[in-house]
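Q: let me see the structure of the following:
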Amino acid sequence: MQNETIIAGFGGQGVLFTGKVMSYAAIEDDLEVTWFPSYGPEMRGGTANCTVVISDEPIGSPQVKNPRAAIVMNLPSLDKYEDAVEPGGYIAVNSSLVNREVKRTDINVIEIPANKIAEEIGNVRFANIVMLGGLASKADFLNLKSLEKGLKHGLSGKKAAFLEANMTALHEGAEYAQ
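A: As a prediction, the model looks like this:
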């Protein structure tokens, strides 16, 4: 089994961190994983995306043409990656920032007002983890328990103060998507 996910948005939305959490979760499950970031020269506001490939066998390449899933945090990301998702795959759309419907009918669409939910939790910066929870609740290749472990790994040391709020965001996103 090999599953590829693209996570896309603009700088400052936690796109790369979301991919790292998925990667840490895969490592916790003793799976093979690649995390491949791509971002513009701007620190905030520029484009950012990453691909995460998770497999129970060695991975040939971190590059992905037709991912099984995509998390799109903004409209330019939806425009870019909607057609790339493989038929039957999943696309999680941040409906707080995307003002159009997904055109394809051959993929599973998960619309989540992630910014709104994150603001209710206490900070819009948790929108990325809300989206991850939403995807995990629908996709058959992610599970919340592993993602919780991934969050613990990614938010250790000085960042541990953000763990509880991120756990809440993960579960709020999963609950909303259900």
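Q: strands of this protein, residue ranges please.
A: 2-10, 32-39, 47-55, 69-72, 90-94, 108-112 (DSSP state E).
Q: from the contact counts, what lies against the fifth one?
A: Counting contacts by 3 or more CB pairs under 8 Å, 6 or more residues apart in numbering; DSSP states H and E, strand 90-94 is packed against strand 69-72, helix 75-81, strand 108-112, helix 127-138. To be clear about C-beta, it is placed using only N, CA and C from the backbone, and glycine gets the same treatment.
Q: determine which stretch of the strands of the chain is the most buried.
A: strand 69-72 (a mean of 28; mean count of other CB atoms under 10 Å).
Q: is it true that V21 touches S146?
A: No - V21 lies out of contact with S146 (CB atoms under 8 Å); the separation is 9.8 Å.
Q: thinking again about what came up before, out of the helices and strands packed on strand 90-94, flag the one nearest S38.
A: helix 75-81 (11.6 Å; CB to CB).
Q: starting at the chain centroid, how far to that closest one?
A: 14 Å (CA atoms, centre = their mean, to the nearest Å).
Q: one step back: can you redo the strands of the chain as a markdown table with distance to A139?
A: Below are the strands of the chain laid out as a markdown table (distance: least, CB to CB, whole Å):
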| stretch | distance to A139 |
| --- | --- |
| strand 2-10 | 8 |
| strand 32-39 | 16 |
| strand 47-55 | 11 |
| strand 69-72 | 6 |
| strand 90-94 | 5 |
| strand 108-112 | 8 |
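Q: how about TSV for these, with mean pLDDT and distance to R100 added?
A: Listed next are the strands of the chain as TSV, based on pLDDT from 0 to 100; distance: least, CB to CB, whole Å:
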stretch	mean pLDDT	distance to R100
strand 2-10	95	16
strand 32-39	92	24
strand 47-55	93	18
strand 69-72	98	11
strand 90-94	98	9
strand 108-112	98	11
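Q: shaky segments in this protein?
A: Residue ranges of the chain with pLDDT under 70: 40-45.
Q: so between V21 and S146, which is more surrounded?
A: More crowded of V21 and S146, by other CB atoms under 10 Å: V21, with 28 against 20.
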